[in-house]
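Peer 1: Predicted model and sequence follow; I will ask about them next.
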Amino acid sequence: MILPREELKKKHSRDLKTLDALEDYLRESFQICSTFDPETLSRKDLREVGALTDRFQRAQDFFVTHTLRAIDALEGESGTTLDVLNRSEQRRIIDSSEAFIDMRSLRNTIAHEYAGYGPADVLRDVLRFTPILLESFSRVRSYPIP
């Protein structure tokens, strides 16, 4: 079902508020976990890495499936996730659609707990992608809604 334009704008506004909360929790976990040595993670560290990972996955998924798709809908566009990411790159909301495809792949890797990919790998990858995601959150807030 396609929402009327004014409803889409209201939904987008609510989604940005949700994004604020997701960002706040993600930043907190990122700051905590960025001090860890991936090779010497304690049980307490692993709990924090788990929280960071969950927050990263939720924030990344919400950003793409709600926030970026809403902008597409407001611009009269629709399509696959790749289409949404490519248009978001053209709009300069994200730097690279490829990075977001890699984030989605990371999310799937974490969710399926592939053998040989352990907590140290998860931590390194999530710490590498989180600043990219957070920068995109800033950009989406300043994107002029048509």
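Peer 2: Happy to help now that I have it. Bear in mind the structure is a predicted one, so any value in this text is a computation, not a measurement.
Peer 1: Grab the nearest non-local neighbour of Glu75.
Peer 2: Once flanking residues are discounted, Glu75 sits nearest to Pro146: 6.1 Å by CB to CB, 6 or more residues apart in numbering. All C-beta spots, glycine's among them, are computed from the backbone N, C-alpha and C.
Peer 1: okay, now that neighbour: neighbour count?
Peer 2: Pro146: 9 surrounding residues under other CB atoms under 10 Å.
Peer 1: Check the gap between it and Pro38 for me.
Peer 2: 43 Å (CB to CB, to the nearest Å).
Peer 1: same thing with Gln31?
Peer 2: With CB to CB as the criterion, Gln31 and Pro38 are 16 Å apart.
Peer 1: Mind naming the longest helix for this structure?
Peer 2: Of all the segments assigned as helix in the chain under DSSP state H, the longest by residue count is helix 5-33.
Peer 1: and that helix, what does it pack onto?
Peer 2: helix 43-62, helix 69-74, helix 119-142 (3 or more CB pairs under 8 Å, 6 or more residues apart in numbering; DSSP states H and E).
Peer 1: For Arg87, find the nearest of those.
Peer 2: helix 69-74 (6.2 Å; CB to CB).
Peer 1: what's that closest one in contact with?
Peer 2: With contacts defined as CB atoms under 8 Å, 6 or more residues apart in numbering, helix 69-74 is touched by 2-3, 5, 8-9, 11-12, 15, 78-79, 83-84, 87-88, 91, 93, 140, 143, 145-146.
Peer 1: before we move on, back to that, how big is the angle separating the longest helix of the chain from helix 119-142?
Peer 2: Relative orientation of helix 5-33 versus helix 119-142 (axes from the mean of the first three to the mean of the last three CA atoms, to 10 degrees): 140 degrees.
Peer 1: Relative to Ile93, how far out is Ala73?
Peer 2: Distance from Ala73 to Ile93, by CB to CB: 14 Å.
Peer 1: which sections of this protein are below the confidence cut-off?
Peer 2: Within the chain, the set of residues satisfying pLDDT under 70 comprises 1-2, 113-116.
Peer 1: For Gln31 and Pro38, indicate the residue with more neighbours.
Peer 2: Neighbour tally, Gln31 and Pro38, criterion other CB under 10 Å: the higher count belongs to Pro38, 16 against 11.
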